[in-house]
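Visitor: Fold the stuff below for me.
(one chain, ligands or ions: 1)
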Amino acid sequence: MSAHIIDGKAFAATVRAKVAGHVSRMAEEHGITPGLAVVLVGEDPASQVYVRNKGKQTVECGMASFEHKLDADTDEATLLALVERLNADPAVHGILVQLPLPAHLNSDLIINTIAPEKDVDGFHVVNVGRLGAGLKAMVPCTPLGSLMMLKDYHGDLSGKSAVVIGRSNIVGKPMAQLLLGANATPTIAHSRTPDLEGVVRQADIVVAAVGRPEMVRGDWIKPGATVIDVGINRVPAPEKGEGKHKIVGDVHFESAVEVAGAITPVPGGVGPMTIACLLANTVTAAARSANLPEPEGLTA
Ligand code: GUN
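Guide: Numbers count the residues shown, from 1 in each chain. Here you go, the predicted model:
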């Protein structure tokens, strides 16, 4: 039997609608317009596309968007001064510095200069520590979106075993923390885990975030398990014509869909949830800064 397909595109639209609802209530009742500042250094084409999409969706949800585009040779002091200025600006509730930064800039230093309460990426060490300690934090967008989809599909995650494949600071580690916070029992596995297939086969929930195209095969999956595919890999697609490419996940979809109970496709699964959760984090940051209640349905 073929798995239920978890439609991330449709789910992201519901998250954006919730964001827009919170934004209009905050404006009417409190006179606050949440604002997101995005900083882009250089001209990386993929980053330019991301930043344009973020700005467009921010405005569509009724929020203020501030874009700062700096030359590729911008020095560190200039970038740090901009971040400090945004930290101090009351119209800015969220700050995102687009990564990767040019090699001459120290990304860790720059990310850790963002005020933790405005760090809508959840990359600042204070937010990493707060998430680990089970305290209120800004949570990285991709794992937050993945958790929202899991909770929407399953309801309660108590008693579920989960395997997260990948140990990155951006996805793998925070994903495991979120699953733990939701009373699941997570294991973090990675490319050097012995018997990776056997470990994955134990899990009721599999989150694949390893960055290797179609590595997780159908026969790795426990029948009926839920599979969240975080991978976005560009691979050659000669069947579409010479020199053509396509995007695939970290899971081999055609075989996994025959075994899993539910699965996210690539594209159209986790991807659209990432920007939706960035907008959600911006509303959350604005609500917290005004001591308003946590926006319902937008946090972990
Ligand atoms: N580059 C690609 N994705 C992201 C993201 O989610 N946040 C930041 N800061 N940079 C990115």
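Visitor: Find the nearest non-adjacent residue to the residue in the stretch 51-200 of the chain that the ligand sits nearest to, please.
Guide: Nearest residue of the stretch 51-200 of the chain to the ligand, counting by C-beta to the nearest ligand atom: Leu99, 3.7 Å away. From N, CA and C alone the C-beta is placed, and that goes for glycine too. Of all residues beyond its chain neighbours, the one nearest Leu99 is Ser107 (6.3 Å), with distances taken as C-beta to C-beta, 6 or more residues apart in numbering.
Visitor: burial measure for that neighbour, as a count.
Guide: Neighbourhood size, Ser107 [other C-beta atoms under 10 Å]: 14.
Visitor: these two touch, right, it and Gln98?
Guide: No - shown here, Ser107 and Gln98 do not form a contact pair, counting by C-beta atoms under 8 Å, at 10.6 Å.
Visitor: and the longest helix belonging to the chain, how far from the chain's centre?
Guide: Criterion DSSP state H: the longest helix present in the chain is helix 8-30. Centroid separation for helix 8-30 versus its chain: 17 Å, with C-alpha atoms, centre = their mean, to the nearest Å.
Visitor: Contacts (any at all) between the ligand and the very next helix or strand once past it?
Guide: With elements assigned by DSSP states H and E, the helix or strand that comes after helix 8-30 is strand 35-41. No - using C-beta under 6 Å from any ligand atom, strand 35-41 stays clear of the ligand, with a minimum separation of 8.4 Å.
Visitor: mean confidence for stretch 132-152?
Guide: Taken as a whole, stretch 132-152 carries a mean pLDDT of 98.
Visitor: List the buried residues of that stretch.
Guide: 137-150 (16 or more other C-beta atoms under 10 Å).
Visitor: what's the answer for stretch 16-27, then?
Guide: Those buried within stretch 16-27 under the rule 16+ other C-beta under 10 Å are 16, 18-23, 26.
Visitor: three-state assignment of the most centrally placed residue in the chain?
Guide: Note on the chain: the residue nearest the mean C-alpha position is Thr142, at 1.6 Å, using C-alpha atoms, centre = their mean. Of the three states, Thr142 takes helix under DSSP: H, G, I helix; E, B strand; the rest coil.
Visitor: Could you pull up the residues touching it?
Guide: 170-171, 209, 230, 270, 273-274, 277 (C-beta atoms under 8 Å, 6 or more residues apart in numbering).
Visitor: Tabulate the residues you listed (CSV), appending pLDDT and neighbour count.
Guide: Conversion of the contacts of Thr142 to CSV gives the following (pLDDT from 0 to 100; neighbours: other C-beta atoms under 10 Å):
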residue, pLDDT, neighbour count
Ile170, 97, 18
Val171, 98, 24
Ala209, 98, 25
Val230, 98, 31
Val270, 98, 30
Met273, 98, 28
Thr274, 97, 21
Cys277, 98, 29
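Visitor: Right, I'll call it a day here.
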